[in-house]
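Trainee: got a structure for you, letters missing:
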């Protein structure tokens, strides 16, 4: 799970923020801006775009905080807004490039690993960030949402406007792509499961 769950905000500050208190908005921004930026950067891989998404996320947070009912932790609510904004950005990028969430995996990964710039030598180790960066955007988003943020396949499907089987197949294909890049003994997912456990 990401850092969002560890951040505690006094309910009085949330109430003041809902009433438009600028100081309360600033406290919430300072508490959550780093983890929001981290999520946005994972999706965009571009600092400038991630910074823009952070601004969009906090504009949405401050605009909507009066509707926050406290049924979940504030961090969970903010995390969902950041993920939604990031996915909207990716959808927009896919649209601009004429791609879709349903792109055929073979169109992206056809050929031998070396043809994708992936070394066939186990001594040429890549770290997890580089391995994730090698994935297509959709697969990277699914891996991040499932393995790091802890979203279920049902939740991912809802966020992406797809089916649960789509989420599961994207995760499975991503694991297939990651296995040659990372040795199973060196890489464990944040939840303690090795790559390929879903």
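Mentor: Perfect, I can see it now. Quick caveat: nothing in here was measured; it's all calculated off a predicted structure.
Trainee: what's the domain layout of the chain?
Mentor: According to automatic domain parsing, the chain comprises the domains 3-96, 105-178.
Trainee: which residues sit against stretch 61-73?
Mentor: Applying CB atoms under 8 Å, 6 or more residues apart in numbering, the contact partners of stretch 61-73 are 4-5, 11, 14, 17-19, 25, 28, 74, 77-78, 81. Every C-beta, even on glycine, is put in place using the N, C-alpha and C of the backbone.
Trainee: correction: the previous question concerned stretch 33-48.
Mentor: 2-4, 7, 49-51, 53-54, 57-58, 75, 78-79, 82-83, 85-87, 89-90, 132-133, 137, 140-141, 144, 148-149.
Trainee: and with 6 Å instead?
Mentor: Stretch 33-48 is contacted from outside by 2, 3, 4, 50, 53, 54, 57, 82, 86, 90, 141, 144, using CB atoms under 6 Å, 6 or more residues apart in numbering.
Trainee: tell me which helix or strand the fourth one sits in.
Mentor: Following DSSP states H and E, the helix or strand that holds residue 50 is helix 47-64.
Trainee: list the buried residues in that helix.
Mentor: Neighbour-count burial for helix 47-64, counted by 16 or more other CB atoms under 10 Å, picks out 49, 50, 53, 54, 56, 57, 58, 61, 62.
Trainee: do the same with stretch 80-93
Mentor: Buried-residue list, stretch 80-93, by 16+ other CB under 10 Å: 80, 81, 82, 83, 85, 86, 87, 89, 90, 91.
Trainee: do the same with stretch 154-172
Mentor: 155, 156, 157, 159, 160, 162, 166, 167, 168, 169, 170, 171.
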